[in-house]
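Asker: Structure for the following, please:
(one chain, ligands or ions: 2)
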Amino acid sequence: MSSTTTETPRHLLEELEPVVATNLDRHLAIAQEWHPHDYVPWSRGRDFAFLGGEDYEPGQSELSETAKAAMFTNLLTEDNLPSYHREIATRFGRDGAWGTWVGRWTAEEGRHGVALRDYLVVTRGVDPVELERARMDHMTTGYDSGDKTALEAVAYVSFQELATRVSHRNTGKAAGDPVADTLLARIAKDENLHMVFYRNIVAAALELAPDETMRAIADEVIGFEMPGATMARFRRNSMIIAKAGIYDLRLHHDEVIMPVLRHWDVFGRTGLGPVGEQARQELGAFLEALDAQATAFVDRRAEQRSRHASRSDEPQVIVS
Ligand SMILES: [Fe+2]
Ligand SMILES: [Fe+2]
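Answerer: Ligands and ions are numbered 1, 2, ... in the order given. Okay, the predicted model is just below:
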């Protein structure tokens with residue numbers, strides 16, 4: 001087997017296998033069964049024109065533009081599951097506890113897209129034709145994380161699962177429909193357990209290979225990108241989502257990156273060699289810049305909101 005610096009040594013994956021097995025058991029013991037159909041308000045549904053009913057038109061949606069943007073983005077992100085499966089299956093393999101986890105994780109993730117799509121189509125929350133066309137394009141393009149090693153992949157998903165949890169949770173709160181809120185809270189619970197699983201694997205890797213793992217963590221935080229970046233209207237929808245405080249740089253820093261880094265005691269741990277120390281320094285510098293950027297974003301948003309509020313106050317003042 002050729003050996004380059006971008007490959008996770010086989011022995012590390014093998015040494016992590018018992019940790020994967022323990023965490024798989026733990027996951028299976030605490031994950032609760034749930035059924036997507038329970039969370040969909042079927043009584044609000046009716047046929048479309050193809051079966052003699054009425055096709056979608058925008059006035060039928062009860063969702064705000066913000067909720068539409070967030071649910072559309074969340075669903076398309078979930079839709080790309082076949083690509084994510086390929087990403088982790090090629091890195092973690094199909095054997096033993098790693099392989100069992102890959103299958104179980106994929107099955108759990110499959111529920112998320114099913115439930116969200118059923119909700120949106122039954123309630124006519126978004127245009128189902130636009131949604132289907134976007135899904136076709138997005139899945140045809142697929143997701144490719146590049147040449148990440150298994151170690152980098154497991155560091156990446158520790159953050160990504162938590163990012164998805166925060167995003168689903170806040171989308172639910174912003175949806176303006178208790179049914180959507182309940183569904184998204186249920187999905188967010190799954191994402192949290194996924195994060196815990198991956199976070200525990202990285203914690204063990206930090207003990208087994210501290211320098212390589214610290215390098216992988218630093219690289220994944222510094223280069224972090226949500227997996228939906230190639231979907232239709234991603235930039236526009238990300239702006240709407242950030243403006244609404246569903247997912248923004250402040251949340252990314254405070255509720256996603258920092259809690260996971262703290263759990264690993266990234267800045268307190270000893271025993272790093274020069275490679276790990278270098279990575280940690282780069283990570284520290286990056287986080288300082290991210291924090292400053294987050295503050296600047298929140299300040300700008302507050303200014304825009306107050307300008308907008310005073311503008312929309314004006315006509316009321318005139319009328320009264
Ligand atoms: Fe998911
Ligand atoms: Fe997940």
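Asker: So which bits of stretch 268-285 are buried?
Answerer: 272, 276, 279-280, 282-283 (16 or more other Cβ atoms under 10 Å). From N, CA and C alone the C-beta is placed, and that goes for glycine too.
Asker: pLDDT below threshold where in the chain?
Answerer: 1-9, 313-320 (pLDDT under 70).
Asker: Now with 80, please.
Answerer: Low-confidence segments of the chain, defined by pLDDT under 80: 1-10, 312-320.
Asker: Which residue is it, in it, that comes closest to ligand 1?
Answerer: Distances between the chain and ligand 1 by Cβ to the ion are smallest at residue 112, namely 3.8 Å.
Asker: what's around that residue, how many residues?
Answerer: 25 (other Cβ atoms under 10 Å).
Asker: Next: residue 41.
Answerer: 15.
Asker: Would you mind giving both backbone torsions of it?
Answerer: Main-chain dihedrals, residue 41, degrees, to the nearest 10: phi -80, psi 80.
Asker: Name the nearest residue to the residue of the chain closest to ligand 1, sequence neighbours excluded.
Answerer: In space, and not counting its chain neighbours, residue 112 is closest to residue 78: 4.4 Å by Cβ to Cβ, 6 or more residues apart in numbering.
Asker: does any part of the helix or strand containing the one you found sit near ligand 2?
Answerer: Using DSSP states H and E, residue 78 sits in helix 65-79. No. Legend: contact between helix 65-79 and ligand 2 by Cβ under 5 Å from the ion is lacking; minimum distance shown is 8.7 Å.
Asker: Counting by contacts, list what the helix or strand following that helix packs against.
Answerer: For helix 65-79, the following helix or strand on the C-terminal side (DSSP H and E) is helix 81-92. Counting contacts by 3 or more Cβ pairs under 8 Å, 6 or more residues apart in numbering; DSSP states H and E, helix 81-92 is packed against helix 96-123, helix 150-174.
Asker: and if we set it to 10 Å?
Answerer: Counting contacts by 3 or more Cβ pairs under 10 Å, 6 or more residues apart in numbering; DSSP states H and E, helix 81-92 packs against helix 10-30, helix 96-123, helix 128-141, helix 150-174.
Asker: Could you single out the most deeply buried of those helices?
Answerer: Highest mean neighbour count of the helices and strands packed on helix 81-92: helix 150-174, a mean of 24 (counted as mean count of other Cβ atoms under 10 Å).
Asker: angle of that one against helix 10-30?
Answerer: 30 degrees (axes from the mean of the first three to the mean of the last three Cα atoms, to 10 degrees).
Asker: so does helix 150-174 get close to ligand 1?
Answerer: No. Using Cβ under 5 Å from the ion, helix 150-174 stays clear of ligand 1, coming no nearer than 5.6 Å.
Asker: Now do that helix against helix 65-79: the angle between them, please.
Answerer: Going by the same axes, to 10 degrees, helix 150-174 makes 150 degrees with helix 65-79.
Asker: how far does helix 150-174 sit from the chain's center?
Answerer: Chain-centre distance of helix 150-174: 3 Å, with Cα atoms, centre = their mean, to the nearest Å.
Asker: Quick check, central residue of this structure?
Answerer: Centroid check for the chain by Cα atoms, centre = their mean gives residue 164 as the closest residue, at 2.5 Å.
Asker: so which strand or helix has the residue lying closest to it once chain neighbours are set aside?
Answerer: Distances taken as Cβ to Cβ, 6+ apart put residue 191 closest to residue 164, at 4.6 Å, once the chain neighbours are dropped. Using DSSP H and E, residue 191 sits within helix 178-208.
Asker: can you tell me which residues contact the residue nearest to residue 164?
Answerer: 108-109, 112, 160-169 (Cβ atoms under 10 Å, 6 or more residues apart in numbering).
Asker: Kindly provide the distance from it to residue 176.
Answerer: Using Cβ to Cβ, to the nearest Å, we find residue 191 at a distance of 22 Å from residue 176.
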